[in-house]
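Participant: Sharing a model prediction with you, sequence too.
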Amino acid sequence: MDTRSARLPSCNHQSDRPTSAKSAANSGTRLLPDAAAADSALDRLAERYALILLVAVAVGISVLGWAAQRQCLVWRNDETLWRRGVAVQPERYFAQYNLAKALLEAARAAAMTRGLRDREPSRSV
């Protein structure tokens, strides 16, 4: 006997069920009392959840934008970055060393600009 051609009996009795709404009405069984009302209720529910999802995404993007803006203030320059590192983990020598280095470079830059401002412009004849 070929097992591929053998058909197993079906557990669901399709022949007992009506195949369309017209045959359902003819056979005396009822479908949902108001299928159109159920569909519109599902549509309203889907729209509501879509709106909730849209609001949640907008709030999430706003929060992430605010956090990124705050982090940009920390990463503005080397001094602010390493000051934050020392504030968060004061025992880390690496952050302390880099903060001192950033402050020294800032002092050198300030001294250079001060020296350039104090210097009179040269006049060529």
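Facilitator: Happy to help now that I have it.

Participant: Which is the succeeding secondary structure element to the helix or strand containing residue 51?
Facilitator: Per DSSP states H and E: residue 51 is located in helix 35-74. Counting by DSSP H and E, the element after helix 35-74 in chain order, helix or strand, is helix 78-88.

Participant: Contacts for that next one, please.
Facilitator: With contact meaning C-beta atoms under 8 Å, 6 or more residues apart in numbering, helix 78-88 is reached by 73-75, 92, 95-96, 98-99, 101-103, 105-106. Where you see a C-beta, it was placed from the backbone N, CA and C, and this is true even at glycine.

Participant: filter those residues to the buried ones?
Facilitator: Buried by 16 or more other C-beta atoms under 10 Å: 95, 98, 99, 102, out of the contacts of helix 78-88.

Participant: Does the third one belong to a helix, a strand or coil?
Facilitator: Read that as residue 99. In three-state terms, and counting by DSSP: H, G, I helix; E, B strand; the rest coil, residue 99 is helix.

Participant: can you pull the contacts of it?
Facilitator: Residue 99 touches 79, 82, 83, 85, 86, counting by C-beta under 8 Å, 6+ apart.

Participant: can you rerun that using 6 Å?
Facilitator: For residue 99, the contacting residues are 82, 86, by C-beta atoms under 6 Å, 6 or more residues apart in numbering.

Participant: Let me know the distance separating it from residue 65.
Facilitator: 28 Å (C-beta to C-beta, to the nearest Å).

Participant: Check the second one too.
Facilitator: Applying C-beta to C-beta, one obtains 28 Å for the distance of residue 98 from residue 65.

Participant: Report pLDDT for residue 115.
Facilitator: What the model reports as pLDDT for residue 115 is 74.

Participant: Could you do the one 4 residues further on as well?
Facilitator: Looking at residue 119, its pLDDT is 70.

Participant: same thing with residue 25?
Facilitator: For residue 25, pLDDT reads 52.

Participant: Then residue 16?
Facilitator: 51.

Participant: Point out where the chain drops to low pLDDT.
Facilitator: 1-33, 120-125 (pLDDT under 70).
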